[in-house]
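Undergrad: Sharing a model prediction with you, sequence too.
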Amino acid sequence: MLESCQNAQERWGGLHLMIDRWLQERRQLVSTYKELNVDQHAPAANAVDLQGFCEVLVDYVSAGHFEIYEQLLQEARAFDDQRGLELARQIYPRIEAITQAALAFNDHCDNGDCRESKSLHDELEQLGRLLQERFELEDCLIEVLHNAHQQKAVQPA
């Protein structure tokens, strides 16, 4: 029993820290988003803040896509969690669509197009709504694919 708990801790303990760091990145993303003061009539004045926001945005969505989600899926497979795997199959397409929208926004700004955009304020509001939806979906995945497994890993055999 102790050995299985130790193995689970070794296997999934690092995932918990990874999720914690990722959620800290989320807080930074939200904070950076809120600090953007986009003047609809002078979007170029916010170029430095917008560039900083885009950097945090890309870091966050990349970490989710290339690190967190894959680790959560591996954990679900290891626990043979069919419910969790089915949930992931249902949720991932929407998260992927939001990721693509976030990356498209970043590309739009990287090209300098957003500095000339009269609709930057509206684009940021739309991105904010999409990010909020993504956060809710991610929270659901963490709850189902990680927290439930954490409880199983420490239950007596």
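TA: Cool, the structure landed. Residues are numbered from 1 along each chain as shown.
Undergrad: Could you pull out the strands in this structure for me?
TA: In the chain, no strands are defined using DSSP state E.
Undergrad: any chance you could map the helices in it?
TA: 2-35, 47-63, 69-78, 82-110, 113-116, 120-142, 148-154 (DSSP state H).
Undergrad: TSV for those, including mean neighbour count and mean pLDDT?
TA: Quick note: C-beta positions are derived from backbone N, CA and C, even for glycine. Listed next are these as TSV, based on neighbours: other CB atoms under 10 Å; pLDDT from 0 to 100:
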stretch	mean neighbour count	mean pLDDT
helix 2-35	14	70
helix 47-63	17	91
helix 69-78	17	87
helix 82-110	16	93
helix 113-116	15	70
helix 120-142	16	91
helix 148-154	15	54
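Undergrad: In contact with Asp110, which residues?
TA: Each residue near Asp110 by CB atoms under 8 Å, 6 or more residues apart in numbering is listed here: Cys54.
Undergrad: hmm, 6 Å instead?
TA: Counting by CB atoms under 6 Å, 6 or more residues apart in numbering, Asp110 touches no other residue.
Undergrad: Distance of it relative to Lys34?
TA: Between Asp110 and Lys34 the distance is 22 Å, computed by CB to CB, to the nearest Å.
Undergrad: my guess is Ala102 meets Val61, correct?
TA: Yes: at 5.0 Å, Ala102 counts as touching Val61 under the criterion of CB atoms under 6 Å.
Undergrad: Need the overlap of contacts for these two.
TA: In terms of CB under 6 Å, 6+ apart, Ala102 and Val61 are not both contacted by any residue.
Undergrad: Grab the nearest non-local neighbour of Phe35.
TA: Check again: residue 35 is Glu, not Phe. Leaving out its chain neighbours, the residue that sits closest to Glu35 by CB to CB, 6 or more residues apart in numbering is Asp49, at 6.6 Å.
Undergrad: how close does that neighbour sit to Asp59?
TA: Counting by CB to CB, the gap between Asp49 and Asp59 amounts to 16 Å.
Undergrad: can you check Ala102 too?
TA: Using CB to CB, one gets 11 Å for the distance from Ala102 to Asp59.
Undergrad: Kind regards, and thank you for your time.
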